[in-house]
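Chemist: Fold the following and give me the result.
(one chain, ligands or ions: 1)
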Amino acid sequence: MNKKLVVTFCAMLFVFIAFKNDLYTELSQPYAENPGIGIRADSKSLDKLSIIPPMLSKTGKSFITFNKMGFDINSTNLSWVAEEFINFCQEYPGEYVLDVGAGYGFLSRKALSKGVFVISNDIEMQHLLYSRKKVKNPDEILSLFLNTTPFPYLDIPKNFLRAIILHRVLHFLPGKEVDLGLENAMTWLKKGGKVYIMVMSSEHIGYREKVLPEFERRKKKGDPWPGMYLDVEEHLPDQAYSLPKQLHIMDQEILRNALERHGFEIERMGYVSMQGFGTETARDGKEAIGAIAVKKH
Ligand SMILES: C[S@@+](CC[C@H](N)C(=O)[O-])C[C@H]1O[C@@H](n2cnc3c(N)ncnc32)[C@H](O)[C@@H]1O
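Modeler: Okay, here's the model as predicted:
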């Protein structure tokens, strides 16, 4: 190939990578006026980043995530956890809430419509950029912050947040990071603030008979996280194309203990149905579990 052409191509590639990395880094940088919460969504630098539209899952019932981290809600059929979170947001316009693992931002945008400031957090910037594009109201774009720092390592000021939602994200984290996350959540929340959690259950009909004996054995031995390492290929083969190799499943007792260990008081706890979403027949409503817990002091 022509030498000149190769040199020009390499130079262009270098400029592209350097420029791209600059913007990507900027997303994780503290926003000047509010340390650690992310970059405000009206930032012009974000306009330079291209957006790849999300793809539908095989069932057509959800979007697949860009980074093989599960399936994203894009319906109006909210879980009770999400519904209560949105109602809580409505009570506190002008306050800050955090949506961890926001995906394509459906819940972040619902929260925005209630008048709160939303820190929309996800390790995949493409998800957040798509969400940003969907915000049409100019007031709402000023209330949205994009944050790509992996949970639990965000740098949020103390006593800053009214609520945190972790909706279908904790099953991607090892127990140690869940513990650190709950400890940090306790610091970030204001007194009276709440954490909203939905996570995959150990009693999912697709695998419970196979995994529960070992889960219960570990639990009896005092393991605080007996459901780490669910083998996705083996137990959820139909969904493996958009999931990591392993997932961390929990039951209500394990989640309750973890929340209480970190000083939260449980307000509501129960199963969350994912009936109507997946491909397994005869789903029975025990596919996920949910919790709402409050920082009382
Ligand atoms: C299954 S999607 C859930 C999206 C949305 N919350 C929902 O319920 O539909 C999980 C999302 O969590 C994000 N995620 C995974 N690990 C994360 C972490 N440590 N910190 C922040 N986001 C994370 C993934 O990129 C993915 O978009």
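
Chemist: Quick check: Lys245 vs the ligand, distance?
Modeler: For Lys245, the distance to the ligand (Cβ to the nearest ligand atom, to the nearest Å) stands at 14 Å. Yep, even glycine has a C-beta here, placed from its N, CA and C like the rest.

Chemist: just Glu233 next, same as before
Modeler: For Glu233, the distance to the ligand - Cβ to the nearest ligand atom - is 18 Å.

Chemist: Then Met274?
Modeler: Taken as Cβ to the nearest ligand atom, the span from Met274 to the ligand is 11 Å.

Chemist: got the contact list for that residue?
Modeler: 283, 287-288 (Cβ atoms under 8 Å, 6 or more residues apart in numbering).

Chemist: Could you identify which of the residues you listed has the most neighbours?
Modeler: Of all these, the highest neighbour tally under other Cβ atoms under 10 Å goes to Ala288, namely 25 neighbours.

Chemist: Kindly state the beta-bridge partners for that one.
Modeler: Counting by DSSP bridges, Ala288 is bridged to Met200, Val272.

Chemist: So it sits against Val272, correct?
Modeler: Yes - using Cβ atoms under 8 Å, Ala288 is in contact with Val272, at 4.1 Å.

Chemist: anything in contact with each of those two?
Modeler: With contacts defined as Cβ under 8 Å, 6+ apart, the residues shared by Ala288 and Val272 are 79, 198, 201.

Chemist: and which of those residues is nearest the ligand?
Modeler: Met198 (6.9 Å; Cβ to the nearest ligand atom).

Chemist: So what's the residue count around the nearest residue to Tyr271 once chain neighbours are set aside?
Modeler: Closest residue to Tyr271 apart from its sequence neighbours, by Cβ to Cβ, 6 or more residues apart in numbering: Lys286 at 4.9 Å. Neighbour count for Lys286, taken as other Cβ under 10 Å: 19.

Chemist: same check, this time on Lys245
Modeler: 11.
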